[in-house]
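Colleague: My questions are about this predicted structure, shown below with the sequence.
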Protein chains: 2
Amino acid sequence: MGERLLPRAERRRRTEGRILDAARALFAEVGYERATVRAIARAAGVDPALVMQYFGNKQALFQEAVRMTPVPEPGLGAEELVETLLGTLNLKMGELPQSTLAMMRSMLTHPEAATSAKETLDGQINRLAEAISGEDARLRAALVTMIMVGVTVGRQLLELDELRGASPEDIARLLRPSLRALTGPEAS
Amino acid sequence: MGERLLPRAERRRRTEGRILDAARALFAEVGYERATVRAIARAAGVDPALVMQYFGNKQALFQEAVRMTPVPEPGLGAEELVETLLGTLNLKMGELPQSTLAMMRSMLTHPEAATSAKETLDGQINRLAEAISGEDARLRAALVTMIMVGVTVGRQLLELDELRGASPEDIARLLRPSLRALTGPEAS
DNA sequence: CCTTTGACTCAACGGGCGTTGACTCAACGA
DNA sequence: TCGTTGAGTCAACGCCCGTTGAGTCAAAGG
């Protein structure tokens, strides 16, 4: 109600933000197809037509909602990278950012999400391969990456009891040797 | 053409089979939502109405297409189970059965597929946990299971270059130590 | 041979979707 | 103060989907 007398620019910014938040939440929860523009608009307290006016079409809204500016992470060693990966299991809320979950939720069924996901994963594989840099470095890096994806899928997307019930620390502790086995016995 | 003069029962059987094959292929390729009844019927060379007549509705067709009679696998040791899992990377065609891929493709976005997938994975986790039977057995079993899911997602569903390019044997060789680390150093 | 069954088609339905264009009205700028 | 802009709404469009009911025609069977 008090929002009625905000300046135009600020008002616009907040509305766009509400739409993006609603979009991220719904895309993450039910995926691209089932997250309808109408439902997103309703969740943001806005008319569906406004969503189109601001973002053009549903696909563009999705891309905007999923867009991430990945921190480049300067050249770390394999051990540190593994610890960073294990740390992603442990974010404050116990969850990855909504934009990441939104992308992962749709990556198997929505072509644009698949492309997005492959680019992101390729980037991570490249960074890891650089740190491993031995025999089969790229394949090892890909396996490490997909192990993390698999565990995340089980924990956050499928919500398997065994994984949701476990603490991030326990998971990290049990997973560490498996990842180390792939990154190889590098000198520290 | 010669099919015109087949007995009724046989004709029916074959048509149902063609519909199921087309359904499995399309569900595996594009997922539940994008695999339309119309497209499945077209691929099977049949009218969409016939699909409904035989299977009731789209959801029932999906369940039928995805249904698997999992071999119970009598109580094996952890090592043998790991080898069995690694062997699934290595099926004749280099691919899991279409019904499995269909289920996996939709498990993140279609509620029924998610339920189906969770049941299947729970079954595998239980079998593995029994073979591991130590500290954190169920969590370890879940991690092993999701590692295999992650690798399969990367190889068959996302089709990452690094994984599609590698031979199943190489993947199995590199993955074995990681799985052994989780199943624990059991006596053989 | 003639009725009945059942595989299969055809045309249509109702509904939800993404998207559009015309509209309202409050904030802005000269 | 008054015309202009721009945030936001409303009602509708066309499309494609899953699904249905009536119909066709060859095989089955007494």
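Modeller: Cool, the structure landed.
Colleague: where does A:Glu73 land in three-state SS?
Modeller: Following DSSP: H, G, I helix; E, B strand; the rest coil, A:Glu73 is assigned to coil.
Colleague: Could you list which residues are in contact with it?
Modeller: Contact analysis of A:Glu73 by Cβ atoms under 8 Å, 6 or more residues apart in numbering or on different chains lists A:81, A:84, A:127. Where you see a C-beta, it was placed from the backbone N, CA and C, and this is true even at glycine.
Colleague: Okay, and which of those map to helices?
Modeller: If you go by DSSP state H, the contacts of A:Glu73 have A:81, A:84, A:127 in helices.
Colleague: burial count for the first one?
Modeller: Going back to what we said before, that points to A:Leu81. A:Leu81 has 22 neighbouring residues, counting by other Cβ atoms under 10 Å in any protein chain shown.
Colleague: what about it, distance to A:Gly150?
Modeller: Going from A:Leu81 to A:Gly150 by Cβ to Cβ, to the nearest Å gives 18 Å.
Colleague: same deal with A:Glu33?
Modeller: Computed as Cβ to Cβ, the A:Glu33 to A:Gly150 distance reads 23 Å.
Colleague: So between those two, which is more surrounded?
Modeller: Taking neighbours as other Cβ under 10 Å, A:Glu33 and A:Gly150 compare with A:Gly150 leading, 22 against 16.
Colleague: Report the secondary structure element holding the more buried one.
Modeller: Following DSSP states H and E, one finds A:Gly150 within helix A:137-152.
Colleague: could you point out where chain A is predicted with low confidence?
Modeller: Applying pLDDT under 70 to chain A flags the ranges A:1-5, A:91-94, A:186-188.
Colleague: and the longest helix for it?
Modeller: Taking DSSP H as the criterion, chain A has its longest helix at helix A:8-34.
Colleague: Now do the domain split for chain A, please.
Modeller: Here the domain assignment for chain A is A:1-64, A:66-188, based on automatic domain parsing.
Colleague: what's near enough to touch A:Ile132?
Modeller: Contacts of A:Ile132 (Cβ under 8 Å, 6+ apart): A:78, A:140-141, A:183-184, A:186.
Colleague: Got a PyMOL select line for the buried ones in these?
Modeller: Selecting only the buried entries of the contacts of A:Ile132 in PyMOL, with 16 or more other Cβ atoms under 10 Å in any protein chain shown as the criterion:
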select buried, chain A and resi 78+140+141+183
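Colleague: Quick one: the contacts of A:Ile132 as CSV, columns for distance to B:Glu29 too.
Modeller: Formatted as CSV, the contacts of A:Ile132 follow (distance: Cβ to Cβ, whole Å):
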residue, distance to B:Glu29
A:Ala78, 36
A:Arg140, 29
A:Ala141, 28
A:Thr183, 34
A:Gly184, 36
A:Glu186, 40
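Colleague: ok, and of the contacts of A:Ile132, which contact chain B?
Modeller: Near chain B, judged by Cβ under 8 Å from any Cβ of the partner chain, the entries from the contacts of A:Ile132 are A:140-141.
Colleague: Now compare the contacts of A:Ile132 and name the two farthest from each other.
Modeller: Greatest spacing in these, by Cβ to Cβ: A:Ala141 and A:Glu186 (13.1 Å).
Colleague: related to what we said a few turns ago, would you mind finding the most buried of the domains of chain A?
Modeller: Among the domains of chain A, ranked by average contacts under mean count of other Cβ atoms under 10 Å in any protein chain shown, first place goes to domain A:66-188 (a mean of 18).
Colleague: before we move on, back to that, I'd like to know which of the domains of chain A is closest to DNA strand C.
Modeller: DNA strand C lies closest, by Cβ to the nearest atom of the strand, to one member of the domains of chain A: domain A:1-64, at 3.2 Å.
Colleague: so how far is the closest one from its chain's centroid?
Modeller: When distances are taken as Cα atoms, centre = their mean, to the nearest Å, domain A:1-64 is centred 19 Å away from the chain's centroid.
Colleague: can you tell if it touches DNA strand C?
Modeller: Yes. With Cβ under 7 Å from any atom of the strand as the measure, domain A:1-64 is seen reaching DNA strand C through A:4-5, A:7-9, A:36-39, A:48-49, A:52, A:57-59.
Colleague: Relative to chain B, how far out is the residue in chain A that DNA strand D sits nearest to?
Modeller: When scored by Cβ to the nearest atom of the strand, chain A has A:Ala49 as its residue closest to DNA strand D, at 2.8 Å. Look at A:Ala49 and chain B: by Cβ to the nearest Cβ, to the nearest Å, they are 24 Å apart.
Colleague: Which strand or helix spans that residue?
Modeller: helix A:48-55.
Colleague: how about the residues of chain A near DNA strand D?
Modeller: Taking Cβ under 7 Å from any atom of the strand as the contact definition, chain A meets DNA strand D at A:8, A:11-12, A:15, A:45-50, A:53.
Colleague: For those, give me a markdown table that also has distance to B:Asp21.
Modeller: Shown next, in a markdown table, are the residues of chain A next to DNA strand D (distance: Cβ to Cβ, whole Å):
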| residue | distance to B:Asp21 |
| --- | --- |
| A:Arg8 | 58 |
| A:Arg11 | 55 |
| A:Arg12 | 52 |
| A:Thr15 | 49 |
| A:Gly45 | 47 |
| A:Val46 | 45 |
| A:Asp47 | 45 |
| A:Pro48 | 39 |
| A:Ala49 | 43 |
| A:Leu50 | 45 |
| A:Gln53 | 45 |
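Colleague: Cool, thanks, signing off.
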